[in-house]
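Undergrad: I would like the atomic coordinates for the input below:
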Amino acid sequence: MNDTLLDRLRGCAVGAAIGDALGMPLEFNPPPPADNLIREMTGGRLPAGSFTDDTEMALALAESLLYQRPLDPDDLARRFVAWINAGPSDVGLHTSRVLRRIDAGATWEEAVEAAQRQSPNSAGNGSLMRAWPVAIAYWDDLDNLLIDSWRQSRVTHPHPDTLAASAYLNATLYHVFRGSDIKMALILASTLVKMDDELWAVVESAPAHMRDDLTNSGWVRHSLQSAIWGVMNADSFEEAIVQVVNLGNDADTAGAIAGALAGAYYGLSAIPERWREALHGEWPLGSGQIWTADDFVNLADQLATVDGSTGT
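TA: Predicted coordinates for the structure are as follows:
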């Protein structure tokens, strides 16, 4: 593993958490005017610099990957239930329905099928926002990257769009880690992941949109579209994340996805120091342990080097 690859792997992890934290105060709000964008960590429902449930679920996934590879869905489901029982500040409605059923005694398969029957068209961004640890863990193993991207989504979000989007994001990261530019990585990923025509049209057209055209809702198509739009139309990590989180609405989730992509592309060294210094959050919830950017660097190193097949 050379220094450039390591910088990209670390940038992916830190970038995702920073995009989440920068977007946190803008969540559920309309986009601010284009000439008055938020560019600094500010407080909202959480203190300035705090990461949210998007990153917390990614950390649960990362710990499951460190424990065992290939990913064990039963283990991941248990970790998600422990997380929701610890009282996160926010949980998506669909995710909550699934995890509460598991906590009540259902298997994760039973719980997710029941939730999907209740809302058959539910295709939220809950599994896309947390998918990046799989890409880091399998930076040199494309087949298992695709399988575990799908597998981690299936535990809570089995809709075809959510499965495809999670695999597509991580396939894109796989190629970015290897030095492809964003445009080429997106093209290469499209040859690896089957999408329906509508989802592909959203991805393909994303860079050409104007800011005012982007809805940036909790729909997985909108989140993926916003993240691709921001990274493709910026020339730095900072500008990509600023543009995406200032779309408002589901700003923290789109910011986390864009942060993973831009962090992987530009590397840890390109992420503004002031943002890295502000980043923080408790993990595990209720433990009193405060994570900083350095902890995400260490996590990336562990995911990229530890053999999860034997546990840790």
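
Undergrad: switch to C-alpha atoms for all contacts and neighbour counts from now on
TA: OK.

Undergrad: Residue 98 and residue 288: what is the separation?
TA: 27 Å (CA to CA, to the nearest Å).

Undergrad: These two: which is more packed in?
TA: residue 98 (26 against 10; other CA atoms under 10 Å).

Undergrad: three-state assignment of the more buried one?
TA: Secondary structure state of residue 98, per DSSP: H, G, I helix; E, B strand; the rest coil, is helix.

Undergrad: and it, what does it touch?
TA: Each residue near residue 98 by CA atoms under 8 Å, 6 or more residues apart in numbering is listed here: 108, 111-112, 114-115, 156.

Undergrad: what about 10 Å?
TA: Taking CA atoms under 10 Å, 6 or more residues apart in numbering, we find residue 98 in contact with 77, 81, 106-116, 155-157.

Undergrad: Now list the buried members of those residues.
TA: 77, 81, 107-109, 111-116, 155-157 (16 or more other CA atoms under 10 Å).

Undergrad: hmm, which two among the residues you listed are most spread apart?
TA: The distance between the two most remote of the buried ones among the contacts of residue 98 (CA to CA) is 18.0 Å, for 81 and 116.

Undergrad: coming back round to it: secondary structure and distance to residue 6 added to the buried ones among the contacts of residue 98, as CSV?
TA: Shown next, in CSV, are the buried ones among the contacts of residue 98 (DSSP: H, G, I helix; E, B strand; the rest coil; distance: CA to CA, whole Å):
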residue, secondary structure, distance to residue 6
77, helix, 29
81, helix, 32
107, coil, 38
108, helix, 35
109, helix, 36
111, helix, 38
112, helix, 36
113, helix, 39
114, helix, 41
115, helix, 39
116, helix, 39
155, coil, 29
156, coil, 30
157, coil, 30
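
Undergrad: Give me the neighbour count for residue 292.
TA: Residues near residue 292, counting by other CA under 10 Å, number 20.

Undergrad: Using the three-state scheme, assign residue 71.
TA: Applying three-state DSSP: residue 71 is coil.

Undergrad: Model confidence score at it, please.
TA: We note a pLDDT of 98 for residue 71 in this prediction.

Undergrad: Enumerate every residue touching it.
TA: 61-62, 64-65, 134, 144, 147-149, 151-152, 308-309.

Undergrad: Next one: it from residue 8, what distance?
TA: 23 Å.

Undergrad: what's the answer for residue 268, then?
TA: In this view, residue 268 and residue 8 are 6 Å apart by CA to CA.
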